[in-house]
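1. The sequence and its predicted three-dimensional model are supplied below.
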Amino acid sequence: MSVDSDKFVGLLSATLVEAENIEQLVRPLLVLLQRVTQLHSVYLTQVHHDAAQQEILFSLNSQTMEIPEGLSVPWEDTLCRRALEQGQAFTDDASQCWGDSEAARALGICTYVSTPIYYEDGILFGTLCAASDEVCQLSAEGQGTVSLFGALIQQYVQREKLIEELRQTNLLLQAQSYRDPLTDLPNRRLILMELKRLVALAQREERSVYVAFIDLDGFKQINDQYGHEIGDAFLVRVGLRLAKGIRSHDLVGRLGGDEFVVVAMGGPQDGDPHPHMAQLHDRLADLIKGQFDLGTVRLDYPGASIGIVHADMDGCEPEDLLRRADAAMYLDKHARKAARS
């Protein structure tokens with residue numbers, strides 16, 4: 001070993017403590033590995049199983065041998081695959097052991113040692129390797145260092161994969177916490193957040209915001225007559241109609257039960273909001289009423305009660321806007337009921 005034991009341990013400890021990503025871990029390890037093995041090239045690979053390719057992630061080269069980072073070769077042709085399959089981690093005559101490897105010939109590999117790195121589920125991540133283009137002896141200490149560093153990298157890879165899986169799970173759970181599980185529309189939590197954002201945007205751009213509160217009249221009777229499965233299918237179809245019928249920069253969400261909300265952005269110079277509120281009311285009413293093909297049931301739905309309010313530019317709070325829109329919806333419901341009488 002060309003580095004004394006105390007210095008080796010100190011460098012290794014510092015690397016393990018300070019590394020914040022796999023590159024910061026591997027590059028110092030490659031320096032130490034080259035000093036210990038005295039082989040000309042040391043490198044970490046990753047196997048891309050879907051593409052059946054092996055890629056050189058990080059490498060350290062000396063003298064005339066050059067194994068470049070980013071190099072990708074067919075996995076079937078590699079010494080790493082042959083070494084794993086045959087259980088032979090080291091050779092000082094690669095051409096004699098595995099002369100059929102075109103990649104090894106092209107790189108001029110003669111002496112070669114490797115250790116596999118696995119994910120926790122046993123799938124191969126890649127290999128840690130050292131190689132030279134001439135015959136070199138490798139001590140038991142050198143082979144042990146290759147195995148040790150491979151194990152350290154494996155622990156890091158497994159930890160990082162677990163952290164990424166946890167991060168993705170957390171993102172999924174977070175996303176689910178903002179979505180209605182039945183319709184996949186924004187739920188009350190996200191509606192309030194987006195309403196606050198849109199009102200702030202409208203204030204900056206001197207635009208209008210309209211909030212429509214929709215209550216599906218007769219929904220209880222649909223559930224009672226046809227069952228909850230048909231009722232759920234109806235809610236999903238209503239959500240789809242609303243989502244397809246609004247503009248891309250508007251918002252539709254489900255508060256729960258048979259209540260939906262639409263938040264629509266108006267133009268910069270709306271003037272009197274009432275004509276725009278009436279137009280939005282008619283557009284939403286047309287989207288909801290009519291025939292719904294629900295599989296075993298074809299429903300001719302007469303329509304919903306819709307209350308629409310204009311967000312004044314004096315800092316309306318989202319909850320207040322929803323309460324106002326809810327109150328406007330009940331006025332519309334009473335008017336519709338009176339018209340049917």
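-> Received it, and whenever you're ready, just let me know what you need.

2. In space, not sequence, find me the middle residue of this protein.
-> Gln168 (5.7 Å; Cα atoms, centre = their mean).

3. can you confirm it is in a helix?
-> Yes. Assessed with DSSP: H, G, I helix; E, B strand; the rest coil, Gln168 lies in a helix.

4. Report the separation between it and Leu79.
-> 34 Å (Cβ to Cβ, to the nearest Å). Glycine gets a C-beta too; all of them are placed from N, C-alpha and C.

5. What backbone torsions are found at Val42?
-> phi -130, psi 140 (degrees, to the nearest 10).

6. Contacts only, for it.
-> By Cβ atoms under 8 Å, 6 or more residues apart in numbering, the contact set of Val42 is Leu30, Leu33, Gln34, Ser59, Leu60, Leu128, Cys129, Ala130, Ala131.

7. Does it have any beta-bridge partners, and if so which?
-> Beta-bridge partners for Val42, by DSSP bridges, are Leu60, Ala130.

8. Tell me the pLDDT of it.
-> pLDDT, Val42: 96.

9. Then Ile163?
-> pLDDT for Ile163: 86.

10. that older thread, show me which of the contacts of Val42 is closest to Ile67.
-> Among the contacts of Val42, Ser59 lies closest to Ile67 (Cβ to Cβ), at 5.0 Å.

11. Now do the helices in the stretch 101-250 of the chain.
-> In the stretch 101-250 of the chain, the helices defined using DSSP state H, counting those that start in this stretch lie at 102-107, 140-177, 188-205, 219-226, 228-245.

12. by contact count, what packs against the second one?
-> Contact analysis of helix 140-177 by 3 or more Cβ pairs under 8 Å, 6 or more residues apart in numbering; DSSP states H and E lists helix 22-37, strand 111-118, strand 124-132 as its packing neighbours.

13. Of all the ones you listed, which one is nearest Ala311?
-> Per Cβ to Cβ, nearest to Ala311 of those: helix 22-37, 49.0 Å.

14. can I see the domain layout of this protein?
-> What automatic domain parsing lists as the domains of the chain is 5-175, 188-340.

15. and these as TSV, adding distance to Leu182?
-> Below are the domains of the chain laid out as TSV (distance: least, Cβ to Cβ, whole Å):
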stretch	distance to Leu182
domain 5-175	15
domain 188-340	6
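
16. ok, now how distant is the residue nearest to the centre of the chain from Leu162?
-> Separation of Gln168 from Leu162 (Cβ to Cβ): 11 Å.

17. ditto for Val135
-> 41 Å.

18. And these two? Which one has more around it.
-> Set Val135 next to Leu162 and count neighbours by other Cβ atoms under 10 Å: Leu162 wins out with 12 against 9.
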